[in-house]
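Asker: based on what follows, work out the 3D shape:
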Amino acid sequence: MAVVALTGGIAAGKSTVSAVLQERGALVLDADVFAREAVSPGSPGLAAVVDRFGESVMDEDGSLNRAALGALVFGDAEAKADLEAIIHPLVRRLSAEAIRTATTHHPETVLVYDIPLLAEARDTDDFDVVVLVDAPALQRQARLESERGFSAEEASVRVLAQASDTQRRAIADVVIDASQSVEVTQKAAHELFDALVGVWPDRLDALPRLFPLSDT
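Answerer: Numbers count the residues shown, from 1 in each chain. Okay, the predicted model is just below:
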């Protein structure tokens, strides 16, 4: 059972890489999807979140108000830790079930687990290869401001709430340099997929360390 973990800080370009891999034929499982499922209306996960953070984090339709929850959690280390203690075990269980199903029914397909918070929430031993989509923290903060409309303070809080660049690089087996244009990042993602197909599933240790492989 081979699984590639795809990770990266907020606004690094991970979604761009994930989209290319999926378009090329990889089976991509998304940790964010499992995180939403973990706190879906009526779920024990949502009940636990409301019990910890109060009714203000719920919408009238019984769903989680993510903006309200984010306002309580970002910048508050204790609140963030409490939320993670609720969500992360549920996501691990859901993802493990999905990975077992995927490998049973699609054993020859490149399997990618898109997990933004790998450095914060999971043991890398759960994966055969860790691919990091990498862009410096200051650049990611600037992207949040220019592309998503965050204020400088909001962008900084979100970047600092995650693992540092150094922490993510320390767990990476393969690095995609996403500090350049979207087109260069897409090129790197195509190269990564081709390389994965060439070594899947038994020779993943033969993957190159850095993508893109050549200058553009």
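Asker: got a pLDDT number for the residue sitting furthest away from the middle of the chain?
Answerer: Residue farthest from the centre of the chain, counting by C-alpha atoms, centre = their mean, is E60 at 29.0 Å. Model confidence at E60, given as pLDDT, is 88.
Asker: quick one: A195 and L204 touch, right?
Answerer: No. Taking contacts as C-beta atoms under 8 Å, A195 lies outside contact range of L204: 9.6 Å. No exception for glycine: its C-beta is placed from N, CA and C like everyone else's.
Asker: longest strand anywhere in the protein?
Answerer: If you go by DSSP state E, the chain has its longest strand at strand 129-134.
Asker: contact partners of it?
Answerer: For strand 129-134, contacts defined as C-beta atoms under 8 Å, 6 or more residues apart in numbering pick out 4-8, 12-14, 16-17, 118, 124, 165, 168-169, 171-179, 185, 192, 204, 207.
Asker: how distant is it from the center of its chain?
Answerer: Averaging C-alpha positions (C-alpha atoms, centre = their mean, to the nearest Å) puts strand 129-134 10 Å from its chain's average.
Asker: strands of this protein, start to end?
Answerer: Ranges of strands in the chain, per DSSP E, are 4-7, 27-30, 111-114, 129-134, 174-177, 210-211.
Asker: K80 is nearest to which of these?
Answerer: strand 4-7 (18.0 Å; C-beta to C-beta).
Asker: for the closest one, which outside residues touch it?
Answerer: Residues outside strand 4-7 that contact it (C-beta under 8 Å, 6+ apart): 14, 17-18, 21, 28, 110-119, 122, 124, 126-133, 168, 172, 196, 204.
Asker: contacts only, for the residue nearest the centre of the chain.
Answerer: Geometric centre of the chain, nearest residue: P116, 2.0 Å, by C-alpha atoms, centre = their mean. Residues counted as contacts of P116 (C-beta under 8 Å, 6+ apart) are 7-10, 14, 31-32, 162.
Asker: can you report phi and psi for it?
Answerer: phi -60, psi -40 (degrees, to the nearest 10).
Asker: what about it, distance to D177?
Answerer: P116 sits 18 Å away from D177, going by C-beta to C-beta, to the nearest Å.
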